[in-house]
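Engineer: have a look; sequence and predicted model below, questions after that.
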Amino acid sequence: MRFIWPDFLWGLLALPILVGLYVWLLRRRRRNAVRYASLSLVRQAIGPGQRWRRHVPPALLLTGIAAALIAAARPAANIVLPADYMTIVLAIDVSRSMLANDVEPNRIHAAQVAAREFIRELPDGIRVGIVTFAGSAQVVQGVTDRKEDMLAAIDRFQLQRATATGSGLLVALATLMPEAGIDLESLLYGQGFGRDGARGRGAVESRPPAPVAAPKAAPKAAAAAVAPGSYTGGAIVLLSDGRRTNGPDPVMAARKAAELGVRVYTVGFGTPNGSIPGLEGWSFYVRLDEEALKAVAKVTEAEYFYAGSAVDLRKVYQHLTSRFALERRDTEIGALFAGASALFCLLAFGLSALWFRRSI
């Protein structure tokens, strides 16, 4: 919990002074009290309950004052609330390794089935965009709230050669935050983003690299860096079953997402010994790069999930559905303390009037 106006908390230092003043008044009242011949008569008149009752209203009033001072400091807390609006971008691997049959009937079919169920179970108010990546990355469905369009886009998946995980992540990020001024051309083509330094690898389809000597238009102002995981307007879910073979390093791409506060939830799909039997006369073993996917999730303050079967993948998507139905938000809770203050004060005056037929 944090306070927007913390200076008001200095008022809490007055509470011990009030307690001391209350004790002083009690002692003064005793000195000025009429002396009875027998103290036993006083104790019988007061009764055992009266001894503690007289301290209850002042204690409640003191608690009410403390709650009022805290409310004045405008406390805010990061609490979980139902998501009113959120955008999710699915980035799904469609490389040839998704033909591996270690998941029945094969990985790509199981991934499509799980993605369809994920979309159907999403609560209303959540919009979805879909990006696929193999040797290149492309948007197969722009951000929309029409579930029929999302499902149709999943049916259009086409497998390709190679795996450009970083390209898929960057295109998903640009799809999620089109207003952020992300320069995809420089991120995908140059600036040493790829480990092999090759230009054009992992580029978005239908976007040829610009000539070196050609003048460039002034880029949009880039969004200022924020704390990782602080963006509450949406998230990216990236599913992959293999290693990056070209394009930008996915961990470097994740750092760009972290600068914008976007969480990237990663899903590793398939078994360690998956293979593609009889592809062009050869059998290929495809290995999951869990370390890279874990690193992407860690950099962006998100989570990594492993799914070794179609059932596991459905469970992962169900977990993400519940996660996206709720969101953590910084919310002022001063009204709660103000209400508590009013309640304690009313109780103090009410009990005082009921028990002693007078006010405090």
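Structural biologist: Here it is on my side, so go on.

Engineer: for stretch 289-298, buried residues please.
Structural biologist: Using 16 or more other Cβ atoms under 10 Å as the test for burial, stretch 289-298 gives Asp289, Ala292, Leu293, Lys294, Ala295, Val296, Ala297, Lys298. Every C-beta, even on glycine, is put in place using the N, C-alpha and C of the backbone.

Engineer: narrow those residues to those in helices?
Structural biologist: Mapping these onto helices (DSSP state H) picks out Ala292, Leu293, Lys294, Ala295, Val296, Ala297, Lys298.

Engineer: ok, Phe305 to Asp312 distance?
Structural biologist: To Asp312, Phe305 is 8 Å away according to Cβ to Cβ, to the nearest Å.

Engineer: now swap in Val299 and tell me
Structural biologist: Separation of Val299 from Asp312 (Cβ to Cβ): 24 Å.

Engineer: and these two? Which one has more around it.
Structural biologist: Remark: of Val299 and Asp312, Val299 carries more neighbours, 21 against 17, as counted by other Cβ atoms under 10 Å.

Engineer: excluding chain neighbours, what is closest to the more buried one?
Structural biologist: The shortest distance from Val299 to any non-neighbouring residue, by Cβ to Cβ, 6 or more residues apart in numbering, is to Ala254 (4.3 Å).

Engineer: Asp312 now?
Structural biologist: Sequence neighbours aside, Tyr306 is the residue nearest to Asp312 in space, at 7.4 Å (criterion: Cβ to Cβ, 6+ apart).

Engineer: in a helix, the one you found, correct?
Structural biologist: No. Under DSSP: H, G, I helix; E, B strand; the rest coil, Tyr306 falls outside any helix and is assigned strand.

Engineer: could you report the neighbour count for it?
Structural biologist: Number of residues near Tyr306 (other Cβ under 10 Å) recorded here: 16.

Engineer: next one: Phe349
Structural biologist: Around Phe349 there are 15 other residues, counting by other Cβ under 10 Å.

Engineer: if I read this right, it contacts Pro57, doesn't it?
Structural biologist: Yes. Contact criterion Cβ atoms under 8 Å: Phe349 and Pro57 qualify, at 7.3 Å.
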